[in-house]
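Undergrad: sequence first, predicted coordinates after that:
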Amino acid sequence: MNRVSDWQTIDVSVDGLVAWLRFNRPDRHNAVSSEMVIEVCAALRDLSTDPEVTVVVLTGRGATFCPGADLQHAALHGGDVRLPGPEDYRSAQLLHEMPQVTLAAINGGCAGAGFAWASACDLRVASDSACFSTSFLEVGLAGELGLAWTLQHHLGGAVARDLCLLPRKLDAHEALATRFVSRVFPAASFDREVQALVAELAARQPEALRQMKANFLEAERLPLQEFIKAEAQRHLAAFSGGSGAQARARLAEQGKRIRDSGSQ
C-alpha cells in the first residue's frame, strides 16, 4: 500500500518497505528554507519509528537534489522567517542512527545543507550530472547538520577538512574518487538504477538489514571486545525463537543454490 503525507517543502511517500523523502521546492531548485529544515526532521522522526519501513531514500524533485540554503528567500523575508529550533537540526542524527538503511539518491546539485543531509546517510549514489560542494565558508558559515562529524567519519579527517576548508565544485566522478558517493549512474538511467538498488535493499530480510545497521552503529562506540559480544548476541538471536527456522531455511536454500550452480 502506498501512503503519502502532505508537507509544504517536501514530499514523503511510503510504498511497501521503502519510504521516499523528496525535497519539493523545484521552483527554487529545492533550496533549503527554514520550513524545510523543520519538515525534514519531523518526517524523519516519524519514519524512524515505523516498524514496516526498512529503507529510507532521500532525493530531490526535478533536476536538482538540494543546493543548500535559499539565500534569496531569507533576504526577502528577513525577520519574518520562522527559524528552526535546536531539535530541528537532529535530522542528520536521525539519518545516521535510525534503524532503517538510509540512501541519498543525488540527482543533481548537492551543496550546503543538501551536502550535509547526503553525508549523514548510510549510502550515497549520484547521477553523472550531479555536482557537489560543501559551500558553507563561501557564505560565511561554519556548517550545520552534523557535516564535520559525518564527513570526517566517512572520509577521514584530511579529506573532510580539505572539502570544508577549501570549498569548491566537484563533479560526480570527483565525488566518486573521494568516496563521498559509492556509485555513479548515467543521468538518462539514474531513476531506473536507483529503483533497482532500492529494490535490492528492500528484498533483504528486514530484521537482518536492521541488525546489520545496528552493528555499524555499535562499532562506532564500542571497543572490539565489547562489539563482538553484542554482534554475537544479535547473530545467535537470528537462529532462536520463531524466526530461527526461517533463518535456517534461508541458509539451506542458499546452500542448495550454490551447490546447483557449481554442478552446472
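TA: Received, thanks.

Undergrad: and this structure, what are its domains?
TA: The chain breaks down by automatic domain parsing into domains covering 2-202, 222-262.

Undergrad: any idea which of those domains gets closest to Gln211?
TA: Nearest of the domains of the chain to Gln211, taken as C-beta to C-beta: domain 222-262 at 4.8 Å. Heads up, the C-betas are built off the backbone N, CA and C, glycines and all.

Undergrad: any idea of the mean pLDDT in the closest one?
TA: For domain 222-262, mean pLDDT rounds to 71.

Undergrad: what's the answer for stretch 112-125, then?
TA: 98.

Undergrad: for that stretch, the distance to its chain's centre please.
TA: Using C-alpha atoms, centre = their mean, to the nearest Å, the distance from the centre of stretch 112-125 to the centre of the chain it belongs to is 6 Å.

Undergrad: would you list the domains of the chain in a markdown table and tack on distance to Asn215 and mean neighbour count?
TA: Formatted as a markdown table, these follow (distance: least, C-beta to C-beta, whole Å; neighbours: other C-beta atoms under 10 Å):
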| stretch | distance to Asn215 | mean neighbour count |
| --- | --- | --- |
| domain 2-202 | 12 | 19 |
| domain 222-262 | 6 | 11 |
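
Undergrad: worst mean pLDDT among those domains?
TA: Ranked by mean pLDDT, the domains of the chain end with domain 222-262 at the bottom, a mean of 71.

Undergrad: next, format the domains of the chain as CSV and append distance to Met212.
TA: Output for the domains of the chain, formatted as CSV (distance: least, C-beta to C-beta, whole Å):
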stretch, distance to Met212
domain 2-202, 8
domain 222-262, 9
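
Undergrad: for Lys213, find the nearest of the ones you listed.
TA: Using C-beta to C-beta, the domains of the chain put domain 2-202 closest to Lys213, at 5.8 Å.

Undergrad: so Ala126 sits in a helix?
TA: No. Per DSSP: H, G, I helix; E, B strand; the rest coil, Ala126 lies outside any helix segment and is strand.

Undergrad: how about the strands in the stretch 51-200 of the chain?
TA: Using DSSP state E, counting those that start in this stretch, the strands of the stretch 51-200 of the chain run over residues 55-60, 101-106, 110-111, 123-127, 131-133, 170-171, 183-185.
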